[in-house]
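*Asks:* Build me a structure from this.
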Amino acid sequence: MSVKKRYWLGAAALLYAAFVAWGLVPGSQEREAFESPADASRDAYGFRESRFGLLQKSSRRNGVAWPAGEAMAEPGRLGGTAGSFLLAWQGEKAPATMPDPEAWRDSLAEGEAVEFFAFATWVPGSGDAWEDPDWSVALTFRDPATGAPFSREELDAEGLPDSFHELRPSRTHETPMLRLVFRTEGMDHPHAPALVVGDSRTGAKVSYEFDGSVGGSPRRETSGVWLRTDASLLVWHDAPLVCRVQFLTGEPEHAQLERRAGTQTVFGEALRVQWLAAHERRPESVRVGGSLPTATGAGGPTGSRTKTASADPADDTAAEAAEAAAKAVEEFVRSRSTNRDPGFATFLFDASGARERWETVRCSSITMLERHTGVLVDGKVHRDWRKEETKGRLSLASRPVAEDADGPLPLVFIPGIVELDFAIAALPDMPNPRETANLFQATLPRITLPEDASDAESHLQGYIAVAAQLGWDSSRIWDDELPRGFPEDRTFRDTTPQDLLDWYLDHTPGSTARYDPDGLMLHFNEEKESRWHSILEGFLGWFDWL
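*Replies:* Numbers count the residues shown, from 1 in each chain. Here you go, the predicted model:
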C-alpha cells in the first residue's frame, strides 16, 4: 500500500471516529430524555397536521349522495348463490345538483334547554379485574365548575337514573373514560350524537371515537329528561377541559316507511329514505358498483332463469315477468361494469353466521340518517344504523330489527343540530397532578396492547405520543412476531411515556425515534435518512477510489 493511500485511510478513520463521537452514526446515540410541557400551546404545524391535532369545530357537511327532493328509482333484484343478491337501479340518472340540507343551528330551539349537571372520569388501573367479563366500575360524579364530588344521596334526590352510575370498560381499548351527564328541558327525544374534548391550556384534542362497537357500556344513553354521553380520553393528568357537544334540536317529524322493496319516505328537503330488503343474517359486506360481482355466478345469476310449469297460467306469467326483470337487471349491470358506474349494489352473507333479522335502506344522506334519524319503538328511539357503503349516488345502511317487523318502519327525524361548549375546571381523579411539568414523565397505571404484533406496535407508539400530547408518524418493524421481553399479559404497569419509548428502542433492533420539540412531533422509524447520515455516506464514498 502506498504512503499516500495509507495517509488517506488514516484520515478517513479519524474523521469516522469523530462522527461516531458526535452521535451521527446509527447505533451510537445514548438514550435521550425528552420533554413535553404540560401547559404549552399545541398550535404548531407538526401537531396540527398529526393524527388528532387541535380541538376544532365539527364539519358542517352532511354527506349528501342524492337530492332529498327527488324520487329514487325502484331497484331491480338479481338472485345469487348462498342467499346473496344484487340490486340495480335501472334507468336512474345521476342528479344534476346536490343541495346540502340546512341542519346546523346557532342555538337550541325555543323552549329547549340543556344543563350540564355532572361529569365523571375513570382511569384503567394496574390491578383491574380485566379478565372478569362481568366487571364494572362505580363512578364518582363531580360538579363541573368546582370538581367537588356528589354523594349518592344527592344524585338520587335529583333523580339521576341508576344505570348512569355504572361503567363497563371496553376490553378492546384501555384508555381513560369521561362521562358527561345533562338534564334537558323541552326535548321529546334528547340526543347528543357527538362529543369532542380538548385541553383548555394546550388546545389539543384529547378524545377519540372508534367506528363501530368497541364493547363495554354504550357511549350514549337517555332516560326521560336525562342524557349521558361518554368519550375515550387521551390524557392521564389533571387539566381543564372544554367539551364540545352536539345536540339535536327542533320539532320531531314522524313517518311510517312500508317494509316493501323500493318504497320511500321523505323529510322535506333534508332526507329521503328508501327501504330495500330484509335479511335473515347480518350482511357480511355490501359492495357498490365495480365489475359484475362473482356472487351472482360467472355466467349469470344462478336460479334466476329456472322456469317450471304451473297449473295456474297466472303463475307462469309471474315467473316470466320475474325472469324478464332479472334479465334486465343483469343487462343493466353488465352495461355498467366496464365504466364502474355505482348504479348497483351486491349483498353478501356468511351462510354460517347466526340468524338475526336485519334490514337495509338507501338514503339521500348517510349523515342525516345516522345523526338525525331513529326508529321509535315503545317510546324509545333506536339509533343503531350501520353504514354499509356510500359511493356515487348510492348510500346504504343496515340495522338489526328488534321490534315487530311485520308493520312499517316507524321513523322519527329531528331536523336541527347545534354544537355547544361546556367547561370542566379540573380532573381530580387523574393519576398525575396538574403540576406535572413534563408529560414524558407522567405515570400511566395500565397500558395493555393487542395480541397482533403489528397492531401492538402501532398502539405502543400511539400511547407514547398521545400521553405526552404529541403528534406522531411511524412505520412498523415488529411484523408478525412480538419482541423478546414483551410482557406475558401484554400489559405495562405504572410506566411513563419515556419508559415505554426506551423499552421500545431497546427491544426493537433497527428502530429509531426523533423528537421535534418545535413541531411537537415524534417520528418513529423514519425511512428517509437524516441529513447528517447522507453527508457521512457521501463523505465515506469519496474514498472508494482509493
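*Asks:* How are the strands of the stretch 351-500 of the chain distributed by residue range?
*Replies:* With DSSP state E, counting those that start in this stretch as the criterion, the stretch 351-500 of the chain has strands at 358-363, 373-377, 380-382, 386-391, 394-400, 409-413, 416-424, 444-448, 471-473, 491-495.
*Asks:* Tyr515: which of those strands is closest?
*Replies:* Of all these, strand 471-473 sits nearest to Tyr515, with 9.8 Å by CB to CB. Where C-beta positions appear, they are placed from N, C-alpha and C, glycine not excepted.
*Asks:* Number of residues surrounding the residue lying closest to Met177 once chain neighbours are set aside?
*Replies:* Nearest residue to Met177 in three dimensions, chain neighbours excluded: Trp122, at 4.7 Å (CB to CB, 6 or more residues apart in numbering). Residues within reach of Trp122, counting by other CB atoms under 10 Å, total 20.
*Asks:* One more: His254?
*Replies:* 11.
*Asks:* I'd assumed Pro408 was in contact with it.
*Replies:* No - counting by CB atoms under 8 Å, His254 sits too far from Pro408 to count as a contact (11.1 Å).
*Asks:* Now Phe164: phi and psi?
*Replies:* Main-chain dihedrals, Phe164, degrees, to the nearest 10: phi -70, psi -20.
*Asks:* Contact partners for it?
*Replies:* Arg179, Val181, Glu221, Ser223, Trp226, Arg228 (CB atoms under 8 Å, 6 or more residues apart in numbering).
*Asks:* any idea how the chain splits into domains?
*Replies:* As assigned by automatic domain parsing, the chain contains the domains 22-37+437-545, 76-99+257-413, 113-252+418-424.
*Asks:* avg pLDDT for the longest one?
*Replies:* Domain 76-99+257-413 shows a mean pLDDT of 79 in the predicted model.
*Asks:* please begin residue numbering at 39 from this point
*Replies:* Sounds good: first residue 39 from here, last item domain 114-137+295-451.
*Asks:* how far is it from where the chain is centred?
*Replies:* 25 Å (CA atoms, centre = their mean, to the nearest Å).
*Asks:* returning to that earlier point: and Leu92, which of the strands of the stretch 389-538 of the chain is closest to it?
*Replies:* Closest to Leu92 of the strands of the stretch 389-538 of the chain is strand 509-511 (CB to CB; 10.3 Å).
*Asks:* What lies in contact with that closest one?
*Replies:* Residues outside strand 509-511 that contact it (CB under 8 Å, 6+ apart) are 84-91, 499-500, 502-503, 557-562.
*Asks:* try stretch 522-542
*Replies:* Contacts of stretch 522-542 with the rest of the structure, by CB under 8 Å, 6+ apart, involve 69, 71-72, 74, 164, 477-489, 494, 498-499, 501-503, 505-506, 545, 549, 551.
*Asks:* which of these are buried?
*Replies:* The neighbour count (16 or more other CB atoms under 10 Å) marks 72, 74, 477-487, 494, 498-499, 501-503, 505-506, 549, 551 as buried among these.
*Asks:* that older thread, surely the residue nearest to Met215 is in contact with Val175?
*Replies:* Yes - under the criterion of CB under 8 Å, Trp160 makes contact with Val175 at 5.4 Å.
*Asks:* rewinding a little: from the contacts of strand 509-511, which land in helices?
*Replies:* The helices, defined by DSSP state H, take in Gly84, Phe85, Arg86, Gln499, Gly500, Ile502, Ala503 from the contacts of strand 509-511.
*Asks:* and the nearest residue to the third one once chain neighbours are set aside, what does it touch?
*Replies:* Take Arg86 and drop its neighbours on the chain: the residue closest to it by CB to CB, 6+ apart is Leu92, 5.8 Å away. By CB under 8 Å, 6+ apart, Leu92 lies in contact with Arg80, Asp81, Phe85, Arg86, Gly236, Gly241, Ala242, Lys243.
*Asks:* Could you rerun that using 10 Å?
*Replies:* Ser79, Arg80, Asp81, Ala82, Phe85, Arg86, Gly236, Asp237, Thr240, Gly241, Ala242, Lys243 (CB atoms under 10 Å, 6 or more residues apart in numbering).
*Asks:* Let me have the contacts of Phe202 in TSV, adding neighbour count, distance to Asp540 and pLDDT as columns.
*Replies:* As requested, the contacts of Phe202 are exported to TSV (neighbours: other CB atoms under 10 Å; distance: CB to CB, whole Å; pLDDT from 0 to 100):
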residue	neighbour count	distance to Asp540	pLDDT
Arg217	21	34	97
Val219	24	40	98
Glu259	16	41	95
Ser261	15	47	95
Trp264	19	46	98
Arg266	24	39	97
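*Asks:* State the pair within those that is farthest apart.
*Replies:* Arg217 and Ser261 (13.9 Å).
*Asks:* Would you confirm that Ala230 contacts Arg217?
*Replies:* No - using CB atoms under 10 Å as the test, Ala230 is too far from Arg217 to be in contact (11.9 Å).
*Asks:* which residues do those two both contact?
*Replies:* Arg257, Arg266, Thr267.
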